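Participant: turn this into a model:
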Amino acid sequence: MSPFRAFFIALSESRSLRSFAERSAVGRKLSRRFVAGMTVQDALDATRATNALGMSVSVDNLGENVTNVEEAKESAHLYREMLDAITSQKLNANVSLKLTHMGLDVDESLAREIAAALVEQARTLDNFVRIDMEGSPYTQKTLDFVRELHRRPGAAGHVGAVIQAYLRRSVSDVESLCAERIRIRLCKGAYKESAEIAFQAKTDVDANFVTLMKIMLKSGTYHGIATHDPAMIDATKAFATSEKIARDSFEFQMLYGVRRDLQEQLVRDGWKMRVYIPFGTEWYPYLMRRLAERPANAVFILKNLFRR
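Facilitator: Residues are numbered from 1 along each chain as shown. Okay, the predicted model is just below:
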């Protein structure tokens, strides 16, 4: 792992720095740029503005590893509210959630019950729930959850998984998920993992990302290619073009507030684009992991922090 990446992952885990950042003026300005706000209404407003630019949205209530049942139930309530509001306001959006935010570490049966209820709600509303991926201790359990949810009557197409390209196991996971026609968001990965289970060099992660992208695009299932890396984007566009894969048969995905110029250019060029819009109070660890993903993100943030 690069020193840069290790540095920001360490920052994401620092409680003292998090407390300072959340109280500081600069920290609040950072959060406004890369997080839609603190409330459901903030997220809905950002979604509407993003839709107006021709982009769809995935909304995420920031948070993970809740410590009690009440917190898990409150998280579920916010997602139910969000799904209903997306439908009533006719927004082009779905939702993303983490199982530990739904109480996986507190009561696995509760997390399963919450996730199943949200997928059922999405099914009745003809919407979609993305089950986010967390650190490697949760990888297998998360994929098992997604498969279980996908097998429920009528749930196929309404729930999907996330695969991290830096994990060595991901080719096997992508092949099996594609065989089951489960929708995938492909990203590079943002947690600290050992060399035994994860590629450490960017060149290796990139090579695996391209391999996984090709499997996904050839599968015939609607997947998301989540990256801000121009090289990965160009590789995806080139493969889709050479293989005559329709531009509306998959989508690019990017983070709110990052590379807005590139997002808009992809839309102008006829590619599908979904913006991942986070909201809530848990913005500090989220932002630090985004910085860990790619050194250029830190440069970008410093350059754009004081722009209007």
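
Participant: alpha carbons only: can I get the host helix or strand of residue 234 in PDB?
Facilitator: Taking DSSP states H and E as the criterion, the element that holds residue 234 is helix 230-242. As requested, the backbone C-alpha atoms of helix 230-242 are provided in PDB (Å, rounded to 0.1, in the frame of the first residue of the first chain):
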ATOM      1  CA  PRO A 230      -9.600   8.700 -17.100                       C
ATOM      2  CA  ALA A 231      -7.600   5.700 -18.100                       C
ATOM      3  CA  MET A 232     -10.200   3.300 -16.700                       C
ATOM      4  CA  ILE A 233     -13.000   5.400 -18.400                       C
ATOM      5  CA  ASP A 234     -11.200   5.300 -21.700                       C
ATOM      6  CA  ALA A 235     -10.600   1.600 -21.500                       C
ATOM      7  CA  THR A 236     -14.300   1.100 -20.800                       C
ATOM      8  CA  LYS A 237     -15.400   3.200 -23.700                       C
ATOM      9  CA  ALA A 238     -12.900   1.600 -26.100                       C
ATOM     10  CA  PHE A 239     -14.100  -1.900 -25.100                       C
ATOM     11  CA  ALA A 240     -17.800  -1.100 -25.400                       C
ATOM     12  CA  THR A 241     -17.200   0.500 -28.800                       C
ATOM     13  CA  SER A 242     -15.000  -2.400 -30.100                       C
END
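
Participant: distance from the chain centre to stretch 38-58, please.
Facilitator: 15 Å (C-alpha atoms, centre = their mean, to the nearest Å).

Participant: show residues contacting that stretch.
Facilitator: By C-beta atoms under 8 Å, 6 or more residues apart in numbering, the surrounding residues in contact with stretch 38-58 are 36-37, 59, 61, 78, 81-82, 85-86, 89, 91-96, 130, 251, 253, 256, 263-264, 267, 272-277, 279-281. Where you see a C-beta, it was placed from the backbone N, CA and C, and this is true even at glycine.

Participant: let's see it at 7 Å
Facilitator: Here stretch 38-58 makes contact (C-beta atoms under 7 Å, 6 or more residues apart in numbering) with 36-37, 59, 78, 81-82, 85, 89, 91-96, 130, 256, 263-264, 267, 273-277, 279-281.

Participant: show the subsequent helix or strand relative to the helix holding residue 234.
Facilitator: Scanning forward in sequence from helix 230-242, with DSSP H and E defining helices and strands, the next element found is strand 251-255.
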